[in-house]
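Colleague: Just a sequence and a predicted model for now, questions to come.
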Amino acid sequence: MKLVYKTVFLLLLYVHAAAQNGDANAILKKIRESKEDTNRVLAYIEYGQLLENQNLDSAGKYYLKAEALSQKLNYDLGKFKFRSNYTYILNLQGKFDQGLKLNKQSLDIATRTKHEVNIGKSQANIATSYVYMGNFTEAIKYYQRSVDQFEKLGMKEFLPRLYISIGSAFEHANLFNKSLVYKQKALQLARPMKDSLTLADILTNLGGCYFNLKRYEEGRAAYTEGLVIAQKIKSDIFVVQAYGGLCRVNRGLKKLDIAQEYGEKGLDLARKTGNVFLEMECLRALMFVAEDRNEPALSAKYTREALKIAEANEMTDHLVELYEDYATDLARENNYKGAYDYLMKYSILNDSIQGVDVQKQLQELDTRYLTAQKEKQIVSLEKEKQTRNTLIYSLIAGLVVLTLISILVYRNITIRKRIAEKEVLQLQQEKQLVATNSILKGQEEERTRVARDLHDGLGGLLSGIKLTLNSVKGNVILPEESAMTFTRALTQLDGAISEMRRVAHSMMPETLVRFGLIDALKDFCDGISASGQLKVVMQDFGFENRLDSSIEIVLYRVVQELLNNVLKYADATEAQVQLTRIGSNVSLTVEDNGKGFDVSSLETSKGAGFRNVQARVDYLNGKLDIQSKPEEGTSVLVEIVV
């Protein structure tokens, strides 16, 4: 059986601790005395929040009243508050699809009304729904969006709950060390805020993370502190979660009697409050305690009860583990047919979640099981004479089934972890690409601004100085030596103006802005050829119409970088630039007859030039192909779609 504890996501971001501690009579009076207006909607929501820790069904009824009146009044804030609060109840009842649907509706409302805070809350709630449904990739995406939104707004009070949620998402993907980093960060931010409800949430979550890392003493300390806070604020949800956690960590510390006591307390309170999530978690905790006490029948009983809850509420992520647990229980009881059936359920459901093909292993298991059955039938025909052989065959079949179960469990845990790590890495790479694109765009904008300032500002100033000095020269009689000095100064001023124009042109060619990519590249290539260092031939086809200015700038920089590389390193005498456009496909080729190089060396010692080229091609979502061999020249091909 698995020893991993998956933290239950209990609170959505919109739940208000203040409302849960409010005056019930005052709120009811407000409901009775108010008209059918927006004040009554808000009172319904407030009273529903007050009832959440007492009776979920009653809380839900008041939320539904708020929604009905909001629809009648076309009150967007009321519609949003209903969805943000009612999904909390739906998740506790296991109705994840309905909760996700409402959370996406709340994001639509917040976006339409341009409410920045509610956008961040909706993103966090959508992420929580995805975690419940086992889609951790989408969950982490939405949590990160929510963090970015609240950091942008400077609302740090929401960050601890978001970090604990991100940590729990990684925990569900079995990335426990990464989960611990986020949960510890959440606790560090939350302590100065003195929000008891959030602290209880974080501490009980952190305890689960320590348990998964087998740091039981630290887990017990976190759960104990969380329990004290939860009891003080009378939050049954976190009291139950702390009881369940203390059951697990005490079991890890081999204190089974204490573990049993905490587990039974948690189970009793979870059933009283109607929280099916925590009821199931307490049952699983007690199941492992019974197993350690060598009470397989009691362990199987707890497993069956937890399995019944998970199936009734379609808790997919938990069903996978419970099917596997129950298969182990049945195999321990020598009920191999039942063990096989539940292993089939586990494999099919796990495959639907993780996309892992396990059909071959299942067919092998089925063949072995049928073979064992036929052997039993043959042995039974030989009556008492073959009794000993029947026992031997049964033991062999049982060992085979248990061995295959262990292999399947190990393989699936490994593959799930690998897939989750790959998806998280992909998210990080996508975020890095967005940052690179922003840097490139900022560089071009800054180059354009500086080039404009040089040309229009400094260039105009120097030209004015030149005109003034020329007029002075014609009106003042100077000694011959001073006249020569004056003339030399005018010549140096001409040189400064030319150099300033050259720098401005290099940073952002005026030809590129006014006449487009082809004319700008021809000027650039002609300029290199005129220098005598390298003969550059420019060819183009299909550019009757200009490209988007941002694409033209990037392609110009790519050619500029590649030809600079040829000048610096290739020892070439000739180079060719070809630009071709066919429909929406644009290709750029830069070739030279230089000394070439080993392309494989770019993997270990890629210079800044090729890194810049690769970054700009990535910015255009294009492809870069470099072909070169020593003494055979170099050819670089860039292909993009516009």
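Modeller: Perfect, thanks for sending it.
Colleague: which residues of the stretch 251-400 of the chain score low on pLDDT?
Modeller: For the stretch 251-400 of the chain, the stretches with pLDDT under 70 are 317, 350-383, 385.
Colleague: let's see 90
Modeller: Counting by pLDDT under 90, the ranges of the stretch 251-400 of the chain that qualify are 270-281, 284, 287, 290-292, 294-400.
Colleague: all helices of it, in order?
Modeller: Ranges of helices in the stretch 251-400 of the chain, per DSSP state H, counting those that start in this stretch, are 256-273, 276-292, 296-312, 316-332, 336-354, 359-381, 387-452.
Colleague: helices or strands up against the first one?
Modeller: By that I understand helix 256-273. Contact here means 3 or more CB pairs under 8 Å, 6 or more residues apart in numbering; DSSP states H and E; on that basis helix 256-273 packs against helix 236-252, helix 276-292. In short, each C-beta sits where N, CA and C put it, glycine included.
Colleague: any idea of the mean pLDDT for stretch 635-642?
Modeller: Mean per-residue pLDDT for stretch 635-642: 92.
Colleague: Dump it to CSV, restricted to CA.
Modeller: Extracted C-alpha coordinates of stretch 635-642, given in CSV (Å, rounded to 0.1, in the frame of the first residue of the first chain):
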residue,chain,number,x,y,z
SER,A,635,25.5,28.2,-44.8
VAL,A,636,22.9,29.4,-42.4
LEU,A,637,19.2,28.9,-43.1
VAL,A,638,16.3,30.7,-41.2
GLU,A,639,12.7,29.7,-42.0
ILE,A,640,9.7,31.5,-40.5
VAL,A,641,5.9,31.8,-41.1
VAL,A,642,4.4,35.3,-41.2
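Colleague: Of the helices and strands packed on helix 256-273, which is nearest D76?
Modeller: D76 sits nearest to helix 236-252 of all those, at 29.4 Å, using CB to CB.
Colleague: now the closest one: how far from the chain's centre is it?
Modeller: 29 Å (CA atoms, centre = their mean, to the nearest Å).
Colleague: Going by residue numbers, what spans are helices in the stretch 501-642 of the chain?
Modeller: Using DSSP H, counting those that start in this stretch, helices in the stretch 501-642 of the chain cover 510-514, 517-530, 549-565, 602-605, 608-619.
Colleague: Which strands and helices lie in contact with the last one?
Modeller: Contacts defined by 3+ CB pairs under 8 Å, 6+ apart place helix 608-619 against helix 387-452, helix 549-565, strand 623-628, strand 634-641.
Colleague: and the ones you listed, which one is worst for confidence?
Modeller: helix 387-452 - the lowest mean pLDDT of the helices and strands packed on helix 608-619, at a mean of 71.
Colleague: Most tightly packed of the helices of the stretch 501-642 of the chain?
Modeller: helix 549-565 (a mean of 20; mean count of other CB atoms under 10 Å).
Colleague: and the angle for that one with helix 517-530?
Modeller: Angle between the axes of helix 549-565 and helix 517-530 is 20 degrees (criterion: axes from the mean of the first three to the mean of the last three CA atoms, to 10 degrees).
Colleague: ok, back up a step: out of the helices and strands packed on helix 256-273, which gets nearest to E138?
Modeller: helix 276-292 (20.4 Å).
Colleague: just how off-centre is that closest one within its chain?
Modeller: Centroid separation between helix 276-292 and its chain, computed with CA atoms, centre = their mean, is 31 Å.
Colleague: Would you indicate which residues of it are buried?
Modeller: For helix 276-292, a neighbour-count test (16 or more other CB atoms under 10 Å) marks 276-291 as buried.
Colleague: about what we covered before: okay, the helices and strands packed on helix 608-619 in JSON lines with distance to N585 next?
Modeller: JSON lines is the format used below for the helices and strands packed on helix 608-619 (distance: least, CB to CB, whole Å):
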{"stretch": "helix 387-452", "distance to N585": "21"}
{"stretch": "helix 549-565", "distance to N585": "13"}
{"stretch": "strand 623-628", "distance to N585": "11"}
{"stretch": "strand 634-641", "distance to N585": "6"}
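Colleague: Mind checking these for the one nearest to V147?
Modeller: Proximity to V147 (CB to CB) singles out helix 387-452 among the helices and strands packed on helix 608-619, at 11.9 Å.
Colleague: Among the helices of the stretch 501-642 of the chain, which comes closest to M484?
Modeller: Per CB to CB, nearest to M484 of those: helix 517-530, 31.1 Å.
Colleague: Against which helices or strands is that closest one packed?
Modeller: Using 3+ CB pairs under 8 Å, 6+ apart, helix 517-530 is in contact with helix 510-514, strand 535-541, helix 549-565, strand 574-582.
Colleague: Show residues contacting it.
Modeller: With CB atoms under 8 Å, 6 or more residues apart in numbering as the test, helix 517-530 has contacts from 509, 511-512, 534-538, 540, 543, 546-547, 552, 555-556, 559-560, 563, 567, 577, 579.
Colleague: any idea how far it is from the chain center?
Modeller: Centroid displacement of helix 517-530 relative to its chain, using CA atoms, centre = their mean, is 45 Å.
Colleague: Give me the average confidence score over it.
Modeller: Per-residue scores along helix 517-530 average to 88.
Colleague: Just the CA trace of that helix, in PDB.
Modeller: C-alpha atoms of helix 517-530 as PDB (Å, rounded to 0.1, in the frame of the first residue of the first chain):
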ATOM      1  CA  LEU A 517      13.800  45.300 -45.200                       C
ATOM      2  CA  ILE A 518      15.000  44.700 -48.800                       C
ATOM      3  CA  ASP A 519      16.300  48.200 -49.400                       C
ATOM      4  CA  ALA A 520      17.900  48.300 -45.900                       C
ATOM      5  CA  LEU A 521      19.700  45.000 -46.500                       C
ATOM      6  CA  LYS A 522      20.900  46.100 -49.900                       C
ATOM      7  CA  ASP A 523      22.400  49.300 -48.400                       C
ATOM      8  CA  PHE A 524      24.000  47.300 -45.600                       C
ATOM      9  CA  CYS A 525      25.500  44.700 -48.000                       C
ATOM     10  CA  ASP A 526      26.700  47.400 -50.400                       C
ATOM     11  CA  GLY A 527      28.300  49.200 -47.500                       C
ATOM     12  CA  ILE A 528      30.300  46.100 -46.600                       C
ATOM     13  CA  SER A 529      31.300  45.500 -50.200                       C
ATOM     14  CA  ALA A 530      32.400  49.100 -50.600                       C
END
